[in-house]
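K.L.:
No sequence on hand, only this structure:
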């Protein structure tokens, strides 16, 4: 009798495993075709000399493409700094502003705002493509006719050259990218806030905790998973950004806002150096992977503590 039950249980477990495997198979195939295979192909191309034409031969050159990147220290260093500044600025600003907005939209009581309308308003920029956002903000940053400088002049200030000033242009790009990224982060933060039980706040209030103390010791610790998600997705999106930063500044002034993603495209489609482009892409993938793993490890520790 016991043996029959164990056999029946094992059969049922096999059926559940098979069913689960069938459910994930389509997604696994899509990931393999559109993610894994292209990644392996990029790694392979990084060791070759190829101009991108199907009929031309792929000559194996070993680490030559990586040596070229390393030898061009000034250009590579400038791009690396611009990419890190953009990614760090976008991630920090987006997390801080979106969290503050989510707290305001989640406010309850007499001061409660019309959350449905405001939520839609904050999320709207996320629906726009990077191309649309880039063109829109470039028009607003225009030195002579841009809306931002017109407002500054109306307030009695002097016009600012947003797109040709070292340092300021970096901030201009980060501000535009933050505006476009805020919506999705606000939604994720609001979902996390609504998952926190009101009983915790009531108990804290009975114990004499102020609103600030409640935010510090209840809200922020319990929001650790949402912060982790937004931190990872925003930083990864920042490192991969291409069209929005390019359309606003095109790497100017000089190459101070030129990102690694933009140089990858330049090597591939303008100089036709697919091997060099692939080597730089591998470097970017490695940077994203290392930083994401470090962020995940740190945030997981924070979640375990809470």
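P.N.:
Cool, the structure landed. This is a predicted model, so every value here is computed, not measured. Numbering: from 1, shown residues only.
K.L.:
Apart from its neighbours in sequence, what residue is nearest residue 149?
P.N.:
Excluding its sequence neighbours, the residue lying closest to residue 149 (CB to CB, 6 or more residues apart in numbering) is residue 159, at 4.4 Å. C-beta here means a position set from N, CA and C on the backbone, and glycine is covered the same way.
K.L.:
How about residue 164?
P.N.:
Ranked by CB to CB, 6+ apart and with sequence neighbours excluded, the top spatial neighbour of residue 164 is residue 253, at 5.2 Å.
K.L.:
secondary structure class for the one you found?
P.N.:
Three-state secondary structure (criterion: DSSP: H, G, I helix; E, B strand; the rest coil) places residue 253 in coil.
K.L.:
quick one on the thing from earlier: verify the stated contact: the residue nearest to residue 149 with residue 141.
P.N.:
No - using CB atoms under 8 Å, residue 159 and residue 141 do not qualify as a contacting pair, with a distance of 10.9 Å.
K.L.:
These two: who's more crowded?
P.N.:
Here residue 159 and residue 141 are compared on neighbour count by other CB atoms under 10 Å; more neighbours surround residue 141, at 22 against 14.
K.L.:
and the more buried one, what pLDDT?
P.N.:
Confidence at residue 141, expressed as pLDDT, is 94.
K.L.:
Just read off the phi/psi values of it.
P.N.:
Dihedral angles phi and psi of residue 141 (degrees, to the nearest 10) take the values phi -80, psi 0.
K.L.:
re the thing from before, and the pLDDT at the residue nearest to residue 164?
P.N.:
At residue 253, the pLDDT value in this model is 87.
K.L.:
which residues does it contact?
P.N.:
Each residue near residue 253 by CB atoms under 8 Å, 6 or more residues apart in numbering is listed here: 163, 164, 165, 166, 169.
K.L.:
Looking at those residues, which are in helices?
P.N.:
Taking DSSP state H as the definition of helices, those contribute residue 169.
K.L.:
which of the contacts of residue 253 sit farthest apart?
P.N.:
163 and 166 (11.2 Å; CB to CB).
K.L.:
and the two? which has more neighbours close in?
P.N.:
More neighbours surround residue 163 than the other of residue 163 and residue 166, with 21 against 11 (other CB under 10 Å).
K.L.:
hang on, the earlier thing: okay if I get the contacts of residue 253 as JSON lines plus distance to residue 287 and pLDDT?
P.N.:
Written out in JSON lines, the entries for the contacts of residue 253 read as follows (distance: CB to CB, whole Å; pLDDT from 0 to 100):
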{"residue": "163", "distance to residue 287": "27", "pLDDT": "91"}
{"residue": "164", "distance to residue 287": "28", "pLDDT": "90"}
{"residue": "165", "distance to residue 287": "27", "pLDDT": "90"}
{"residue": "166", "distance to residue 287": "24", "pLDDT": "89"}
{"residue": "169", "distance to residue 287": "22", "pLDDT": "93"}
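K.L.:
just curious, which of the contacts of residue 253 is nearest to residue 91?
P.N.:
For the contacts of residue 253, the minimum distance to residue 91 (CB to CB) is 18.7 Å, reached by residue 169.
K.L.:
Quick one: neighbours of the closest one, just the number.
P.N.:
The burial metric for residue 169, expressed as a neighbour count using other CB under 10 Å, is 24.
K.L.:
And for residue 75?
P.N.:
Look at residue 75: counted by other CB under 10 Å, it has 13 neighbours.
K.L.:
Three-state assignment for it, please.
P.N.:
When classified by three-state DSSP, residue 75 comes out as helix.
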